[in-house]
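need a 3D model of the following:
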Amino acid sequence: MMTQREAVQWIERVDASVFHDANEAPESSWIAVVKTPGDHSGGAEHVILAFGETFLQAAADAQAQWSAHWSKFRHWN
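Below you'll find the model as predicted:
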């Protein structure tokens, strides 16, 4: 699991956004939104949405999805 500092650094590095809505259910009160760049062959961008009870959970889930996306992308290229 990433630390709070690592989460903030990753969010800044990939230009993600993290939002909090206290009116939502606790398990989805935080949401991280990050866009993957399109690939060099003109492939489409993807938007990753990650929900969590905390900033750290949402950021860690977004980072895991980001890593899985790029791992799959590298596998196919």
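
quick one: low-confidence ranges for the chain?
38-43, 72-77 (pLDDT under 70).

tell me where it has helices.
4-13, 55-76 (DSSP state H).

now the shortest one: buried residues?
It refers to helix 4-13. Of the residues in helix 4-13, those buried by neighbour count under the rule 16 or more other C-beta atoms under 10 Å are 7, 10-11. For glycine as for every other residue, the C-beta is placed from the backbone atoms N, C-alpha and C.

just want the angle from that helix to helix 55-76.
50 degrees (axes from the mean of the first three to the mean of the last three C-alpha atoms, to 10 degrees).

what helices or strands is helix 4-13 leaning on?
helix 55-76 (3 or more C-beta pairs under 8 Å, 6 or more residues apart in numbering; DSSP states H and E).

and the closest residue to Ser28 other than its chain neighbours, how many neighbours?
Excluding its sequence neighbours, the residue lying closest to Ser28 (C-beta to C-beta, 6 or more residues apart in numbering) is Phe51, at 4.2 Å. For Phe51, the neighbour count with other C-beta atoms under 10 Å is 16.

show me the contacts for Phe51.
Phe51 is in contact with 27-28, 30-31, 58, 61, counting by C-beta atoms under 8 Å, 6 or more residues apart in numbering.

neighbour-wise, give me the winner out of these.
Highest neighbour count within these: Ala58, with 26 neighbours (other C-beta under 10 Å).

and the closest residue to that residue other than its chain neighbours, what does it touch?
Once flanking residues are discounted, Ala58 sits nearest to Gly52: 3.6 Å by C-beta to C-beta, 6+ apart. Applying C-beta under 8 Å, 6+ apart to Gly52 gives the contacts 27-32, 58-61.

distance check, Arg13 against Glu6.
Noted for Arg13: a distance of 10 Å to Glu6, by C-beta to C-beta, to the nearest Å.

nearest to Ala22, of the helices of the chain?
helix 55-76 (12.9 Å; C-beta to C-beta).

who's in contact with the closest one?
Here helix 55-76 makes contact (C-beta under 8 Å, 6+ apart) with 1-4, 7-8, 10-11, 14, 16, 18, 20, 30-34, 36, 39, 46, 48-52.

same deal with stretch 3-12?
So stretch 3-12 is contacted by 2, 16-18, 32, 34, 55-56, 59-60, 63 (C-beta under 8 Å, 6+ apart).
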